[in-house]
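Asker: Next comes the sequence, and after it the predicted model I'd like to discuss.
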Amino acid sequence: AACLVGGYQAFVDLRFANPHLWPHMGRAAGTLGDANTFGMIAAFWGPAVVVLARTWPAPWSTVVGVGGVALAMTGVLTSGSRTALIAISIGFAAIAFEGVMAWRRADSLSRPSIKRLAPVMAGVLVLAVVVLLVARGSSITSVVGRGSLGYIPGFGDIPLRESARELLWDRFGYGPAAILMLQEHPVAGAGVGAFHTLVHDFANAASGKDIVPDNAQSWYRHYLAELGLLGSVPWLAYNASKRGITLD
């Protein structure tokens, strides 16, 4: 349902049920009000729907698999979430690897059942290309439009290690800004709600990047920067207790 709404936002009315700055950024948020959350949920459902489709009889296995993946790819691309693109790629790679291993383990009698996955995966590849091309021509800023492919090995000149660091740690200047903020205010932090106000100056000092106000691209890092080590004790203790860990 979220992917259907996201598709409507991207191709019909970007302001429909799309709050905050997402329309201004050219990103669809589906029914979730947050484009990043929307993209990640769509990314998780992409591989899941392929696995679920295998339990359906033909031809519904192909219809459900291809249709579900088309929706998931639409959600990922229209959300503009770079992390979601990586997540869905890893998921599909894992499914492909498991399919190859299952084929090698199976005997000649059980291999025809594995063949049912082949049309699903073929349809997935075709629809992925189609959705990608359509999304590039829409009014939204897709993952491709945000310049993400330049940070993915094979699509740009950036080495793998630098790509991983930029996407997973630096996050285009927000990561170093949060770390510098914590270094300068280690005990009490920069103050509740102060990150958005200070991030431009701290990012410029930490990495020389000129960025717009946003969160630290990691809520743990964001809380540490705003609350400091002392102010973070309650939420760290709460998270630990939910995982059965006691802070003695």
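Answerer: Perfect, thanks for sending it.
Asker: OK, contacts around the closest residue to His185 other than its chain neighbours?
Answerer: In this structure, His185 finds its nearest non-sequential neighbour in Gly228, 5.8 Å apart by Cβ to Cβ, 6 or more residues apart in numbering. No exception for glycine: its C-beta is placed from N, CA and C like everyone else's. Shown in contact with Gly228 (Cβ atoms under 8 Å, 6 or more residues apart in numbering): 182, 185-190.
Asker: Make JSON lines out of these and add pLDDT, neighbour count and secondary structure.
Answerer: As requested, the contacts of Gly228 are exported to JSON lines (pLDDT from 0 to 100; neighbours: other Cβ atoms under 10 Å; DSSP: H, G, I helix; E, B strand; the rest coil):
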{"residue": "Leu182", "pLDDT": "95", "neighbour count": "21", "secondary structure": "helix"}
{"residue": "His185", "pLDDT": "95", "neighbour count": "19", "secondary structure": "coil"}
{"residue": "Pro186", "pLDDT": "95", "neighbour count": "12", "secondary structure": "coil"}
{"residue": "Val187", "pLDDT": "95", "neighbour count": "9", "secondary structure": "coil"}
{"residue": "Ala188", "pLDDT": "93", "neighbour count": "12", "secondary structure": "coil"}
{"residue": "Gly189", "pLDDT": "94", "neighbour count": "22", "secondary structure": "coil"}
{"residue": "Ala190", "pLDDT": "95", "neighbour count": "20", "secondary structure": "coil"}
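Asker: Can you tell me which of those is closest to Ala216?
Answerer: Using Cβ to Cβ, Leu182 comes nearest to Ala216 of the contacts of Gly228, at 9.7 Å.
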